[in-house]
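# just need the structure, nothing else, for what follows:
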Amino acid sequence: MTSISSCNRRVFLQSLSATALLAATRPVWGEAVPAIGAQLYTLRKEVVKDLPGTLAAVRKIGITQVEAFPTVYTHPAAELKRIIEDAGLTCPSGHFDYDKLDEGLDYAKALGLSYMVCPMLPNSMWNAEGFAQAAERYNRIGAKAHSLGMRFAFHNHNYEFRPISRPGQADTNGLSVLLERTDPKLVFWEEDCYWVTQSGNNALTLLKQHVDRVRLLHLKDRQPQAKASFDMSKDSAFFTEVGTGTIAWPPILKIARETGALLFIEQDQTTLPPLESLAISYRNLRKYLA
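Predicted structure coming up:
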């Protein structure tokens, strides 16, 4: 990606400053069009090459919020916060690896996050005991996050939906274990609509069932030829831009708008350059949310 020069970036950001200041003083969901964010994992190669330039390009698309992820935590929290704000963006949420949750609490607080999110569990924990163990830890991390003025959430993929047999009882799955064994006042859910759909479940149905737990949504679409599975190999990679696949977005976004859930575009892989892909999803989301 071509870097944006310091001069051009400064001029661009100056033109945004008044708008950004006004936006920062209003509730997100009080705006005519709800805020649309981007999970920076979509741009994981770009942010390594040029983080300020990439963020400026994200803001130029029209996106106003980003969700951070571990690659950008090589910057001290105060520095990363300044870089994000200099781009005219806010960062209400960030992902932290499961084995770095405890040490990530102070960093998340310093970064000014509202939500600290665990993106997934280590493969060795994709079983009944592992999900139960994770639920206990999530409760503890959730309580610590709460004490620091933040909220804690976990993010799903499709492996959480694989049936787990229980002798003498009905089958369950990892998602059910996490939701049932965590305190709903301390542990929330970032629902990834693609991965729910890829598991063979319905993202809207689960959103309705757990509307009080879903405080954040990941938005990417699913190609028509996709075959449902609990596998996370390349055979599950049927990603496409929001509005170009099979997921019915209007009813999902209607509920999200009513609850104030944060929206983040995140596409694990793109056939187009990631910024172009992001722009397509953003434009389609604006149409749905207008």
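# which residue ranges of the stretch 101-250 of the chain form strands?
Here the stretch 101-250 of the chain has its strands, by DSSP state E, counting those that start in this stretch, at 115-118, 151-155, 163-166, 169-173, 187-192, 214-219, 221-222, 239-240.
# can you list contacts of the second one?
Just to be clear, that refers to strand 151-155. With C-beta atoms under 8 Å, 6 or more residues apart in numbering as the test, strand 151-155 has contacts from 95, 114-120, 134, 138, 141-142, 145-146, 178, 186-190, 192, 215-216, 218. In short, each C-beta sits where N, CA and C put it, glycine included.
# what does the last one give?
Under the criterion C-beta under 8 Å, 6+ apart, residues Y194, K220, D221, R222, Q223, Q267, D268, Q269, T270 lie in contact with strand 239-240.
# tell me the strands beside that strand, with direction?
Strand 239-240 sits in its sheet next to strand 221-222 (antiparallel), going by DSSP bridges.
# sitting in helices, which of the contacts of strand 239-240 do you find?
Judged by DSSP state H, helices contain the following of the contacts of strand 239-240: Y194.
# got a ChimeraX select line for the buried ones in the contacts of strand 239-240?
A single ChimeraX command is used to select the members of those judged buried by 16 or more other C-beta atoms under 10 Å:
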select :194,220,221,222,267,268,270
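# got TSV for the contacts of strand 239-240, with pLDDT and distance to S277 too?
Formatted as TSV, the contacts of strand 239-240 follow (pLDDT from 0 to 100; distance: C-beta to C-beta, whole Å):
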residue	pLDDT	distance to S277
Y194	98	13
K220	98	9
D221	98	11
R222	98	14
Q223	97	13
Q267	97	6
D268	97	11
Q269	96	9
T270	97	4
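# farthest-separated two in the contacts of strand 239-240?
Between any two of these, the greatest separation by C-beta to C-beta is 13.8 Å, found for R222 and T270.
# save the strands of the stretch 101-250 of the chain as CSV, and put in distance to G88 too.
Below are these laid out as CSV (distance: least, C-beta to C-beta, whole Å):
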stretch, distance to G88
strand 115-118, 21
strand 151-155, 25
strand 163-166, 45
strand 169-173, 41
strand 187-192, 24
strand 214-219, 21
strand 221-222, 27
strand 239-240, 28
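# circling back to that earlier point, mind giving me the ChimeraX command for buried ones among the contacts of strand 151-155?
Selection of buried members from those for ChimeraX, criterion 16+ other C-beta under 10 Å:
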select :95,114,115,116,117,118,119,120,134,138,141,142,145,178,186,187,188,189,190,192,215,216,218
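# what segments of the stretch 51-200 of the chain are helices?
For the stretch 51-200 of the chain, applying DSSP state H, counting those that start in this stretch gives helices covering 51-61, 77-86, 101-111, 128-147, 174-181, 193-198.
# okay, the second one in PDB with CA atoms only?
This file holds the C-alpha atoms of helix 77-86, laid out as PDB (Å, rounded to 0.1, in the frame of the first residue of the first chain):
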ATOM      1  CA  ALA A  77      -0.800   2.400  24.900                       C
ATOM      2  CA  ALA A  78      -0.600   6.200  25.100                       C
ATOM      3  CA  GLU A  79       1.300   6.300  21.800                       C
ATOM      4  CA  LEU A  80      -1.200   4.000  20.100                       C
ATOM      5  CA  LYS A  81      -4.100   6.000  21.500                       C
ATOM      6  CA  ARG A  82      -2.600   9.200  20.000                       C
ATOM      7  CA  ILE A  83      -2.000   7.600  16.600                       C
ATOM      8  CA  ILE A  84      -5.600   6.500  16.400                       C
ATOM      9  CA  GLU A  85      -7.000   9.800  17.600                       C
ATOM     10  CA  ASP A  86      -4.700  11.700  15.200                       C
END
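# that one packs against which elements?
Helices and strands touching helix 77-86, by 3 or more C-beta pairs under 8 Å, 6 or more residues apart in numbering; DSSP states H and E, are helix 51-61, strand 65-68, strand 90-95, helix 101-111.
# 10 Å - rerun?
helix 6-24, helix 51-61, strand 65-68, strand 90-95, helix 101-111 (3 or more C-beta pairs under 10 Å, 6 or more residues apart in numbering; DSSP states H and E).
# which one of the helices of the stretch 51-200 of the chain lies nearest to T42?
Comparing these under C-beta to C-beta, the one sitting nearest is helix 51-61, at 9.4 Å.
# tell me, how many residues neighbour K100?
13 (other C-beta atoms under 10 Å).
# before we move on, what about R166?
Around R166 there are 10 residues (other C-beta under 10 Å).
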